[in-house]
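Student: the following comprises the amino acid sequence and a computationally predicted model.
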Amino acid sequence: MTIQTISKGPFEGQKPGTSGLRKKTRVFMEPGYLECFVQATFNAIGGAAGKSFVIGGDGRYFNREAIQIMLKMAAANGAARVIVGQGGLLSTPAVSNLIRQRQTDGGFVLSASHNPGGIDADFGVKYNVSNGGPAPEAITQTMFDQTQTIDSYRILETADVDLSTCGTSSAGDMQIEIVDPVTDYAALMAKLFDFDKIRALFAGGFTMRFDAMHAVTGPYATSILERVLGAPAGTVINAVPSEDFGGGHPDPNPVWAKTLMDEMMSDAAPDFGAASDGDGDRNMIVGCGVYVTPSDSLAVLAANAQLAPGYAQGLAGVARSMPTSAASDKVAERLGLACFETPTGWKFFGNLLDAGKVTLCGEESAGTGSDHVREKDGLWAVLLWLNILAERGQSVASILADHWATYGRNYYSRHDYEAVPTEAANALMQGVRDQLGALAGTTIAGLEVTGADEFSYHDPVDGSVSHNQGLRLWFAGEGRAVLRLSGTGTEGATLRVYLEQYAAPEADHGLTPDVALRAVRDAVVEITGMQAYLGRIEPDVKT
Ligand code: VG1
Ligand code: CO
């Protein structure tokens, strides 16, 4: 075993953001960089001695090299056992499941999620704890503190492990088990959903397109949808994970999954379309001719989950991240379910799920999940939709229309302003913060502001408080805007502006989001002084 001493030079500590640590790939490849982050993580959890971990990633550039380094470090730090996905592949929800099923102490996911991959793109590492969920803030803070003082890491000098075949081997005293990435996950899905019903749906001619975006869900979707459920070959497209995701962003939204969107909006559209992101935790749902916003998807799933065997007992409650629309609140209210609002990032759902307070969780950024694991789960959401479609025998469009007629429609859109100079983004946010106390009661761009605040979350389970979780503005007529800075970007700052407008059950549900959200957007442009700070009011991406 070698203890490598490092000069503080190349390593710059950083607090893991909403979803682990993300950096340019070349930064992670600098000698000692990945190593220091991994050692800081081991130190933060009280060492790795005698512990067991799961390791896998989304197959992006540097995935396998990083795993080899981490295995040697785990061995040198005295870990007892590491479970690795064959070929180095494991989706984020599959890692969460393996941690829980095999009762390991934690796990690492190597991914920058929906960010592009390649030597000149992004890489990332997430650490999950023994409940299968992302490390909570107390641990990420300790990891960060460790990165500030770290001056050495432990690594075993040994040969690389063959990741390509399942089976057991060892590195020093540590046992390594290479497992098929799909098997355990597929077994869990078979327990939650009525596979016979879904099989019958496909056998009856129901058509679907699943875009794996050259990322990790390819093998999962091909195995479950095509092999187990009998969907025709070719249902899953872009199914082979590639190191640069075919040159695109593996981000399942109408912008990056444009080919799928175009097909779903065409005359030749299949009945159902879906996509997932780099690490398989996000989902996009599209019906023939109709896009389902992630906020609406959460609400529809909450209203219909009982149709699937795994949720037949009903839901304990529903949680959504603060910027997510209130569509799921409307369902919870009517069905008498508990309802929670948490900061952005899946780690905040963990306590609620562990305490049995909620069964379903969701984020506007295309993340939906349940208490089956402690991560959001892209393919799970797709299977729940399929189970509901099989039970209801209606199209996605008619399920959505029924839903809006019952609960009303929460028009919703997120506008992203990317690669903004950090100072400009901070100044814009501070400018709004300074006005918070004076906004309520004023009329801006013709719209009355009814309230404004900065969101702080009080965790009802452990009592912890998280401040500065986004600026909220409410408007007359159930309009809302939220402003926050991204924690996952790797270039400058990304300003996210979330726009929402409720339309009651009897109101017009046929407007385009741009039209329905115009008044709220005009007010936000004026309140933020966006033109002055950013030199523009048009976002880079609208989802
Ligand atoms: C974004 C999303 C957030 C999500 C996070 C991780 O964070 O907004 O909802 O939890 O990505 O998703 P931010 O800070 O950039 O807004 V993923 O698929 O990385 O694991
Ligand atoms: Co992801």
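Tutor: Looks like it came in fine. Numbering: from 1, shown residues only. Ligands and ions are numbered 1, 2, ... in the order given.
Student: how about the residues of the stretch 251-400 of the chain near ligand 2?
Tutor: On the criterion CB under 5 Å from the ion, ligand 2 has as its neighbours in the stretch 251-400 of the chain the residues 277, 279, 281, 282. Using the backbone N, CA and C atoms, a C-beta is placed for each residue, glycine as well.
Student: with pLDDT and neighbour count added, can I get the residues you listed in JSON lines?
Tutor: Listed next are those as JSON lines, based on pLDDT from 0 to 100; neighbours: other CB atoms under 10 Å:
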{"residue": "277", "pLDDT": "96", "neighbour count": "34"}
{"residue": "279", "pLDDT": "97", "neighbour count": "34"}
{"residue": "281", "pLDDT": "97", "neighbour count": "35"}
{"residue": "282", "pLDDT": "97", "neighbour count": "29"}
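Student: state the pair within those that is farthest apart.
Tutor: Farthest apart among those by CB to CB are 279 and 282. That separation is 8.2 Å.
Student: tell me, what's touching the two both at once?
Tutor: Counting by CB atoms under 8 Å, 6 or more residues apart in numbering, the residues touching both residue 279 and residue 282 are residue 113.
Student: run through the residues of the stretch 251-400 of the chain next to ligand 2 and flag the ones next to ligand 1.
Tutor: 277, 281, 282 (CB under 6 Å from any ligand atom).
Student: so who does residue 308 touch?
Tutor: 192, 193, 194, 384, 387, 388, 391.
Student: name the nearest residue to it, sequence neighbours excluded.
Tutor: Using CB to CB, 6 or more residues apart in numbering and skipping the chain neighbours, the partner closest in space to residue 308 is residue 387 (4.3 Å).
Student: give me the mean pLDDT for the strand or helix carrying the one you found.
Tutor: Per DSSP states H and E, residue 387 falls inside helix 378-392. Average pLDDT, helix 378-392: 98.
Student: wait, does that helix contact ligand 1?
Tutor: No: if you take CB under 6 Å from any ligand atom as the test, helix 378-392 misses ligand 1, and the best it gets is 8.6 Å.
Student: got the buried residues for that helix?
Tutor: 378-391 (16 or more other CB atoms under 10 Å).
Student: roughly how far is that helix from the heart of the chain?
Tutor: 18 Å (CA atoms, centre = their mean, to the nearest Å).
Student: with only the CA atoms kept, save it in CSV.
Tutor: Extracted in CSV, the C-alpha atoms of helix 378-392 (Å, rounded to 0.1, in the frame of the first residue of the first chain):
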residue,chain,number,x,y,z
GLY,A,378,-36.3,7.2,-14.7
LEU,A,379,-37.3,3.7,-15.9
TRP,A,380,-39.5,3.2,-12.8
ALA,A,381,-41.5,6.3,-13.8
VAL,A,382,-41.9,4.9,-17.3
LEU,A,383,-43.1,1.5,-16.0
LEU,A,384,-45.6,3.1,-13.7
TRP,A,385,-47.0,5.1,-16.6
LEU,A,386,-47.2,1.9,-18.6
ASN,A,387,-49.0,0.2,-15.8
ILE,A,388,-51.5,3.0,-15.5
LEU,A,389,-52.0,3.2,-19.3
ALA,A,390,-52.6,-0.6,-19.3
GLU,A,391,-55.2,-0.3,-16.5
ARG,A,392,-57.0,2.7,-17.8
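Student: after it, which helix or strand is next?
Tutor: Assignment by DSSP H and E places the next element after helix 378-392 at helix 396-407.
Student: other SSEs contacting that following helix?
Tutor: strand 283-287, strand 290-292, helix 294-304, helix 327-335, helix 378-392 (3 or more CB pairs under 8 Å, 6 or more residues apart in numbering; DSSP states H and E).
Student: make TSV out of these and add distance to residue 449.
Tutor: Shown next, in TSV, are these (distance: least, CB to CB, whole Å):
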stretch	distance to residue 449
strand 283-287	33
strand 290-292	30
helix 294-304	22
helix 327-335	21
helix 378-392	35
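Student: which phi and psi does the nearest residue to residue 57 once chain neighbours are set aside have?
Tutor: Using CB to CB, 6+ apart and skipping the chain neighbours, the partner closest in space to residue 57 is residue 110 (2.9 Å). Dihedral angles of residue 110 (phi, psi; degrees, to the nearest 10) stand at phi -100, psi 100.
Student: beta partners of residue 110?
Tutor: residue 57, residue 125 (DSSP bridges).
Student: that one: neighbour count?
Tutor: Residue 110: 29 surrounding residues under other CB atoms under 10 Å.
Student: one more: the one 4 residues further on?
Tutor: Neighbouring residues of residue 114 were enumerated by other CB under 10 Å; the total is 26.
Student: so how far is whichever strand or helix holds residue 37 from its chain's centroid?
Tutor: Using DSSP H and E, residue 37 sits within helix 33-44. Mean-position distance between helix 33-44 and its chain equals 23 Å (CA atoms, centre = their mean).
Student: for it, name the packing helices and strands.
Tutor: helix 63-76, strand 122-128, helix 137-149, strand 152-155.
Student: up against ligand 1, what does the stretch 201-350 of the chain have?
Tutor: 277, 281, 282, 321, 344, 345, 346.
Student: good, wrapping up.
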